[in-house]
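J.: Give me a model of this one.
(2 chains)
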There are 2 protein chains.
Amino acid sequence: MADGQAGWPLADRGVAYGDGLFETVLLRDGRPLLWDEHLARLARGCHALGIALPREHELAAPLAEAGPGLAVLKLTLTRGSGGRGYRPPADPAPRLRWQLTAFAPAEARWREGVRVRHCRLRLGIQPALAGLKHLNRLENVLARAEWDDEAIAEGLLCDSHGRLVEATAMNLFWRRDGRLETPRLDRCGVAGTLREALMARLPIAEVEAGPEALMQAEAVWLGNSVQGAWPLARLDDAVGQPLMRWPLGAVHRAFQAEAHRLLGYPAP
Amino acid sequence: MADGQAGWPLADRGVAYGDGLFETVLLRDGRPLLWDEHLARLARGCHALGIALPREHELAAPLAEAGPGLAVLKLTLTRGSGGRGYRPPADPAPRLRWQLTAFAPAEARWREGVRVRHCRLRLGIQPALAGLKHLNRLENVLARAEWDDEAIAEGLLCDSHGRLVEATAMNLFWRRDGRLETPRLDRCGVAGTLREALMARLPIAEVEAGPEALMQAEAVWLGNSVQGAWPLARLDDAVGQPLMRWPLGAVHRAFQAEAHRLLGYPAP
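T.: Residues are numbered from 1 along each chain as shown, chains lettered A, B, ... in the order given. Reported below is the predicted structural model:
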């Protein structure tokens, strides 16, 4: 792993309050995938939090450090140090750090699909932060800590009103009555860059739906900009009892092919 | 300011996810006030997040560094580094850091009371984190960024259902029909140590109430374990228009005296 400069000062607001944002970018031979989408989301986050957006050449500087093959670049941007308590400093100096890690996607999950469960934790409703990839991620940590079984690839999250939102680290898509759908993310959740790019290319409707939508679905996928698209082969409830199984077929593969084209991954 | 050891490693989960807790403790001549309450809240947080509680002698070590007079000790505990993404590491090594700062309370606010406004931001409902002093504090940062006017001492927060919760960095108390009340904190908010100690000594009812409760109140206070108790002299709406004024009297002073006894502050 290569690091961007030193660690974080003791008084950085990133650790004090989670006062910042991050992006996790797939690189192939040093070239970032979905870079425009990552920059756009970071810009939205900076606008919402009132943090100055770094120049693109600063954000792109670590790309020169990447070797051949696949890697993941994690960019973390904080408001920097200072301020009196929660109050942001009048003249903040944002702090940017990066980490670069070699990466291999979970190819078996592309082919065989994944087993996923519902999480017990419900995401809080917070429109002021919805969609952003900010550093306040304790809900995701607690949700991911709900299971230990390596056979379970991800956990699905509903909001406090019981509406489907996402998985702990991936967005959620399904096909129902021939229509592609994904949950609205204007009250909570992270608007993934793969989701963004897919919505620009496919007729995917943003909907408000409870878990029953998945029981009516012909196909369900999880996706993000690093792992690509995983079809759901099986869905369990929050205590690990099976709710639903989907045989993988042409419908699954077609969606995966679209997602993987965006990331330079093979169509499974 | 004295620091506890170095800063944070790049991969610490404190900055990555806000995966940790903090305590802000008032010291007088190196002696911590409400220490039992701080330790108890930290223990509750460690239990909820699944982080091992440091031994008391580790937590108390920085006290030896404090000089005479008043200081604030900030203890920050993270889950440490490691894990795959949000998933907590199987064998975590929590990381404890501290900062010590000389302190002088805002005595004029004790005497004259404060002007406070309603915030526009609503706190999300998250029972899994409610009451804890965890590091996911972007809501507080955004709420505190809503005003710049130095004449406004604090901002009041309601939850997404419109129920009163707290101020950005203080708990909220009022007296209505001769009864002391404070908002329930089982869905969001931070359960302050001064609040805890006051509730053990005074008949304060935890209630579910909207902002109208304040319009019916004979007296309103904000309090925390560092600043003591501020009476509200004036309450503004979220655009700065006055909603209510309270002349300060014996009722205000009696509550302040109780709070200040706990912190070794004079009764105003």
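
J.: Show the average pLDDT along stretch A:143-151.
T.: Throughout stretch A:143-151, pLDDT has a mean value of 96.

J.: would you put the C-alpha positions of that stretch in CSV?
T.: Presented in CSV, the C-alpha positions along stretch A:143-151 are these (Å, rounded to 0.1, in the frame of the first residue of the first chain):
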residue,chain,number,x,y,z
ALA,A,143,-24.7,-2.9,10.0
ARG,A,144,-21.6,-4.7,8.7
ALA,A,145,-20.9,-6.0,12.2
GLU,A,146,-24.3,-7.8,12.2
TRP,A,147,-22.9,-11.0,10.6
ASP,A,148,-19.7,-12.9,10.6
ASP,A,149,-20.5,-15.7,8.1
GLU,A,150,-18.2,-15.5,5.1
ALA,A,151,-20.9,-17.0,3.0
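
J.: got a list of contacts for that stretch?
T.: A:115, A:117, A:119-121, A:155, A:157, A:168-169, A:238, A:240, B:50, B:85-88 (C-beta atoms under 8 Å, 6 or more residues apart in numbering or on different chains). For glycine as for every other residue, the C-beta is placed from the backbone atoms N, C-alpha and C.

J.: And those, which two are furthest apart?
T.: Pairwise distances across the contacts of stretch A:143-151 (C-beta to C-beta) peak at 23.5 Å, for the pair A:115 and B:50.

J.: between those two, which one's more packed in?
T.: More neighbours surround residue A:115 than the other of residue A:115 and residue B:50, with 19 against 12 (other C-beta atoms under 10 Å in any protein chain shown).

J.: hang on, the earlier thing: out of the contacts of stretch A:143-151, which is nearest to residue A:224?
T.: The closest of these, once distances to residue A:224 are taken by C-beta to C-beta, is residue A:169, at 6.5 Å.

J.: helix/strand/coil for the closest residue to that closest one other than its chain neighbours?
T.: Leaving aside its sequence neighbours, residue A:169 sits nearest to residue B:85 (C-beta to C-beta, 6 or more residues apart in numbering or on different chains; 5.5 Å). Classification of residue B:85 using DSSP: H, G, I helix; E, B strand; the rest coil returns coil.

J.: Show me chain A divided up by domain.
T.: A:2-102, A:107-263 (automatic domain parsing).

J.: Could you pull up the mean pLDDT of the first one?
T.: Domain A:2-102 shows an average pLDDT of 94 in the prediction.

J.: Quick one: the strands in the stretch 101-250 of chain A, in order.
T.: For the stretch 101-250 of chain A, applying DSSP state E, counting those that start in this stretch gives strands covering A:114-123, A:152-159, A:164-167, A:171-176, A:179-183, A:204-207, A:219-224, A:228-236, A:242-245.

J.: Show me the one of those that comes nearest chain B.
T.: strand A:114-123 (5.7 Å; C-beta to the nearest C-beta).

J.: From the contact counts, what lies against that closest one?
T.: The criterion is 3 or more C-beta pairs under 8 Å, 6 or more residues apart in numbering or on different chains; DSSP states H and E, and the helices and strands that strand A:114-123 contacts are helix A:138-144, strand A:152-159, strand A:228-236.

J.: just the helices in the stretch 1-150 of chain A please.
T.: A:13-17, A:35-49, A:56-60, A:107-112, A:138-144 (DSSP state H, counting those that start in this stretch).

J.: out of the strands of the stretch 101-250 of chain A, which comes closest to residue A:54?
T.: Of all the strands of the stretch 101-250 of chain A, strand A:219-224 comes closest under C-beta to C-beta, at 22.9 Å.

J.: who does that closest one pair up with?
T.: Sheet pairing for strand A:219-224, assigned by DSSP bridges, gives strand A:171-176 (antiparallel), strand A:228-236 (antiparallel).

J.: okay if I get the ones you listed as a markdown table plus mean pLDDT?
T.: Shown next, in a markdown table, are the strands paired with strand A:219-224 (pLDDT from 0 to 100):
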| stretch | mean pLDDT |
| --- | --- |
| strand A:171-176 | 98 |
| strand A:228-236 | 98 |
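
J.: for those strands, which one sits closest to residue A:40?
T.: Of all those, strand A:171-176 comes closest under C-beta to C-beta, at 15.7 Å.

J.: quick check, distance from that closest one to the centre of its chain.
T.: Centre-to-centre, strand A:171-176 and its host chain are 15 Å apart (C-alpha atoms, centre = their mean, to the nearest Å).

J.: phi, psi of the residue nearest to residue A:169?
T.: Dihedral pair for residue B:85: phi 60, psi -140, per degrees, to the nearest 10.

J.: so what secondary structure elements neighbour the helix or strand containing residue A:256?
T.: Using DSSP states H and E, residue A:256 sits in helix A:250-263. With contacts taken as 3+ C-beta pairs under 8 Å, 6+ apart, helix A:250-263 sits against strand A:171-176, helix A:193-201, strand A:219-224, strand A:228-236.

J.: Please state the offset of it from the chain centre?
T.: The answer for helix A:250-263 is 18 Å, by C-alpha atoms, centre = their mean.
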